[in-house]
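>>> what's the 3D shape of this:
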Amino acid sequence: MASATSAQLQAALAAHAAGRLAEAERAYLALLGQGEDFRVLLQLGVLRLQQGAIEASLEATRRAIELGPRSAEAHANLATALHMRGDDDAAVASYETALDLDPRRAESYYGLGRALLARGPEEGLACFERAVVLDPDYAEAQCALGAGYLGLERPAEALAPFARALALDPDYPEAHRGRAAALQTLRRPAEAAGHYERAARLAPGHVPTLLGLAAVQQSLQRHALALESYQAALAIDPQCVAAHLGRGAVLHDLGRADEARAAYEAALAREPGNVPARCALIALAPVAPGDPRLAALEAPRTTPRSRTINGLRCALRSARRSPTAARPSALSRSLSRAIVCGAGDSPTTRRRCCACWSAFPRFSPRN
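Numbers count the residues shown, from 1 in each chain. Reported below is the predicted structural model:
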């Protein structure tokens, strides 16, 4: 067919926009049964992506591009599918093609920034900045810009983009989580707690949110609430090293040494090289100079979060100087910082614990 009948296509698009994916799928396939059509193939590709059928999405979108090779939207949709498949180099190339065809398309800059994040936060930042210049009301791009600043350890600059995202969408959990992380890094825990609480209500069961909430609750001396948040995280992910570590820090702060030791040991059992857990166990049972366990204090300072490890060392030295009156508050504050920053030997732990990483919104195409 030369083109899909207007009434059928509009009905299919309405069903798609309303989230009735099965109905929209049937309508698109019925239209394609009458002959190939660029618009129908393009929308079918988006629908397949929403269904999680990435290869089917790529197939439909590539066929749409064959029919409409000058469509920036089609190339951007192809890039989105490639990005979701994990093929970021190919996604970057497709986004760049989309931008060559339409340099003022904010969605393409946003998508390109997301694909470039694999190369580091600084790679995507310029794209997010361009996206919000072209479309200041693009909440996802504002949130990604804030997360980009946060990933580059520029939390003060992250606050404004997160605020703009929340002004556009007050129920945006990633923006609440990102703003909370920025406020937490700026040592404004009371404000951070409110945003973490809102994020937890909007997206229940999100472990990084619960970790961030627990850490600020602990810094505000709300120990019972902090324990509840860490326990909730462990109920979702019993293997979460950061949750075991944080729970141990709260128990340590409360003087419940045996329970704290069990929590630290649980963290160490799941990640034997975890520096904060090793340091915490040493602080709970001070040892004589020369004990091999003190090697944790001499861990290489190569991590970008070395300030946190240095803080742990200082707290430990204070505790070792006064073993009968160890200073759990200083240690637990350092451990809370470690949880937020993801300090430790394992990149997996850093990704799990780093609040700024979790602030990035999950990428999805805008229709």
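>>> average pLDDT for stretch 24-32?
Average pLDDT, stretch 24-32: 94.
>>> only C-alpha atoms, please: export it in CSV.
Only the C-alpha atoms of stretch 24-32 are listed here, as CSV (Å, rounded to 0.1, in the frame of the first residue of the first chain):
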residue,chain,number,x,y,z
ALA,A,24,-1.7,-1.5,19.1
GLU,A,25,0.4,-4.5,18.0
ARG,A,26,-2.6,-6.2,16.3
ALA,A,27,-3.5,-2.9,14.6
TYR,A,28,0.0,-2.3,13.3
LEU,A,29,0.3,-5.9,12.0
ALA,A,30,-3.0,-5.7,10.3
LEU,A,31,-2.0,-2.5,8.6
LEU,A,32,1.3,-4.1,7.5
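>>> what sits up against it?
Outside of stretch 24-32, the residues that reach it under the criterion Cβ atoms under 8 Å, 6 or more residues apart in numbering are 4-5, 8-9, 11-13, 15-16, 37, 40-41, 43-44, 47, 51. The C-beta positions use only the backbone N, C-alpha and C, and glycine is treated the same way.
>>> ok, which pair from the residues you listed is furthest apart?
Taking every pair in those and measuring Cβ to Cβ, the maximum separation is 24.5 Å, between Thr5 and Gln51.
>>> any chance you could map the helices in the stretch 51-200 of the chain?
For the stretch 51-200 of the chain, the helices defined by DSSP state H, counting those that start in this stretch cover 54-67, 72-85, 88-101, 106-116, 121-134, 139-151, 155-168, 173-185, 189-202.
>>> show me what the shortest one is packed against.
So the one you mean is helix 106-116. Applying 3 or more Cβ pairs under 8 Å, 6 or more residues apart in numbering; DSSP states H and E, we find helix 106-116 packed against helix 72-85, helix 88-101, helix 121-134, helix 139-151.
>>> gap between the second one and the chain center?
This means helix 88-101. Helix 88-101 sits 23 Å away from the centroid of its parent chain (Cα atoms, centre = their mean, to the nearest Å).
>>> any idea how far Glu228 lies from Gly246?
Counting by Cβ to Cβ, to the nearest Å, the gap between Glu228 and Gly246 amounts to 12 Å.
>>> higher neighbour count, these two?
Gly246 (32 against 15; other Cβ atoms under 10 Å).
>>> domain parsing of this structure, as residue ranges.
1-69, 136-367 (automatic domain parsing).
>>> which of those sits most buried?
Among those, domain 136-367 has the highest mean neighbour count (mean count of other Cβ atoms under 10 Å), at a mean of 20.
>>> returning to what we had before: which of the helices of the stretch 51-200 of the chain sits closest to Val241?
Checking those against Val241 by Cβ to Cβ gives helix 173-185 as the closest, at 18.8 Å.
>>> what packs against the closest one?
Under the contact rule (3+ Cβ pairs under 8 Å, 6+ apart), helix 173-185 is packed against helix 139-151, helix 155-168, helix 189-202, helix 207-219, helix 328-341, helix 355-358.
>>> that one vs helix 155-168, what angle?
With axes from the mean of the first three to the mean of the last three Cα atoms, to 10 degrees applied, the angle from helix 173-185 to helix 155-168 works out at 150 degrees.
>>> tell me the mean pLDDT over helix 173-185?
On average, helix 173-185 scores 96.
>>> same thing with stretch 50-57?
On average, stretch 50-57 scores 95.
>>> list of residues touching that stretch?
With Cβ under 8 Å, 6+ apart as the test, stretch 50-57 has contacts from Leu21, Glu25, Gly45, Val46, Arg48, Leu49, Asn77, Ala81, Met84, Arg85, Ser364.
>>> how about low-confidence regions in the stretch 201-350 of the chain?
The stretch 201-350 of the chain contains residues with pLDDT under 70 at 285-350.
>>> do that again at 90, thanks
Residue ranges of the stretch 201-350 of the chain with pLDDT under 90: 252-253, 255, 272-350.
>>> in it, which spans are helices?
207-219, 223-236, 241-253, 257-270, 275-284, 306-321, 328-341, 347-353.
>>> counting by contacts, list what the fifth one packs against.
Taking 3+ Cβ pairs under 8 Å, 6+ apart as contact, the helices and strands that helix 275-284 lies on are helix 241-253, helix 257-270, helix 306-321, helix 328-341.
>>> the second one to helix 241-253, inter-axis angle?
Between helix 257-270 and helix 241-253, the angle formed by their directions is 160 degrees, by the same axes, to 10 degrees.
>>> leaving aside the residues next to it on the chain, what's closest to Asp169?
Ala139 (4.7 Å; Cβ to Cβ, 6 or more residues apart in numbering).
>>> again with Gln239
That would be Arg270: by Cβ to Cβ, 6+ apart, it lies 5.6 Å from Gln239.
>>> please apply the same query to Gly205.
Ile236 (5.5 Å).
>>> can you give the contact residues for stretch 180-196?
146, 149-150, 153, 155-156, 158-159, 162, 176-177, 179, 199, 209, 212-213, 215-217, 219-220, 340, 355-356, 358-359.
>>> that stretch: end-to-end distance?
End-to-end distance for stretch 180-196: 6 Å, by Cα to Cα, to the nearest Å.
>>> and if you look at stretch 196-207?
11 Å.
>>> point me to the helix or strand that includes the closest residue to Glu23 other than its chain neighbours.
Leaving aside its sequence neighbours, Glu23 sits nearest to Ala15 (Cβ to Cβ, 6+ apart; 4.3 Å). In the assignment (DSSP states H and E), Ala15 maps to helix 6-17.
>>> could you say what helices and strands that helix packs with?
helix 21-32, helix 38-50.
>>> want to throw those into TSV with distance to Leu284?
Conversion of these to TSV gives the following (distance: least, Cβ to Cβ, whole Å):
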stretch	distance to Leu284
helix 21-32	54
helix 38-50	50
